[in-house]
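Trainee: I'd like to go over a predicted model; first the sequence, then the structure.
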Amino acid sequence: MNRMFYLLLVSILFFSFCADAALIRGGGKGTESSSEAQNFYRIADTYIDALGVKPGFSATDRETLVNGNISLFAVPTDCYVDVTIMPPDFENDPCYYQFYQNELLQFEGYMAMYFENAPLMDLVWTLSGGGYSQSFSGTNEERKAFLDTTMPILAAGEYQISLMVTFYAGTGYKFYTDPTVHSDNLNCGELTPGDQSSFSCSYNWGAAESLSFSSNLEKVVILAGDKPLGIPLPATAALLMLGGGLLRWRIRKQQ
């Protein structure tokens, strides 16, 4: 009888851990940072003159992108590490996604560049590989990006997922890019030609009505067949408690 209880407990533990996670975590991909960077601003048109951005401007959003850093992730950020702080024998062992053919596709990304005051943004995930390519509209919770959708008809095999985000500045605003994170790229001249009293200097930054950022391609593995049935964790805990109680009752009865 005791043997039956032990088999019950072992079976519960086995089925609770047999299910494959959607994200398979590895040691992480490497990125190497730099001392060079560029700034991105969202600025109202009222701070713009004929020479550029007025020095006394105020931005609704400001983001800094260090050269070599990643602006957008199609996996959680802990799947990447800074190789400048890793030992020389660091191994590139990235995360990847894995699904059975009957599962939902569930992806999570992160926006290192995020303009929270931009009135509109497009968040597009693209799954591709083996001659297949399809884009999906995603959602976000602040900087985190998500995709939760039904599985398309896909053959088992290896695919790639990528993420692109486009921010729109909105009416009366534009995005400006300072490519060197320095305040010395000034454009000086007369705001009114021929009027020396209108001489002024403004920042000569590139302007755009929208900004787009793309992630690296990340691996997606589609496994053949249906996902094996597993016991949800709450049910597992309940069964463990039940099995433990029955086992204690059996031991007491034998004493």
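Mentor: Perfect, thanks for sending it. Numbers count the residues shown, from 1 in each chain.

Trainee: Surely Ser212 and Val165 touch.
Mentor: Yes - between Ser212 and Val165 there is a contact at 6.9 Å, judged by Cβ atoms under 8 Å. Any C-beta I mention is one placed from the backbone N, CA and C, and that applies to glycine too.

Trainee: ok, those two, which is more surrounded?
Mentor: Neighbour totals were compared for Ser212 and Val165, and Val165 leads with 23 against 14 (other Cβ atoms under 10 Å).

Trainee: show me the contacts for Leu23.
Mentor: Going by Cβ atoms under 8 Å, 6 or more residues apart in numbering, Leu23 touches 75-76, 95-98, 108.

Trainee: Of all pairs in the residues you listed, which one is the farthest apart?
Mentor: Farthest pair in the contacts of Leu23 (Cβ to Cβ) is Pro76 and Gln98. Separation: 14.7 Å.

Trainee: Name the strands paired with whatever helix or strand Leu147 lives in and say parallel or antiparallel.
Mentor: For Leu147, the enclosing helix or strand under DSSP states H and E is strand 144-149. Partners of strand 144-149 in the sheet, by DSSP bridges, are strand 105-111 (antiparallel), strand 139-141 (antiparallel).

Trainee: I'd like to know which of these lies nearest to Phe57.
Mentor: Closest to Phe57 of these, according to Cβ to Cβ: strand 105-111, at 23.9 Å.

Trainee: Okay, angle between the next helix or strand after the closest one and strand 144-149 too, please.
Mentor: Helices and strands here follow DSSP H and E; after strand 105-111, the next one along the chain is strand 120-129. Strand 120-129 and strand 144-149 are oriented at 50 degrees to each other (axes from the mean of the first three to the mean of the last three Cα atoms, to 10 degrees).

Trainee: by contact count, what packs against the next helix-or-strand element following strand 120-129?
Mentor: Using DSSP H and E, the helix or strand that follows strand 120-129 towards the C-terminus is strand 132-137. Using 3 or more Cβ pairs under 8 Å, 6 or more residues apart in numbering; DSSP states H and E, the elements in contact with strand 132-137 are strand 120-129.
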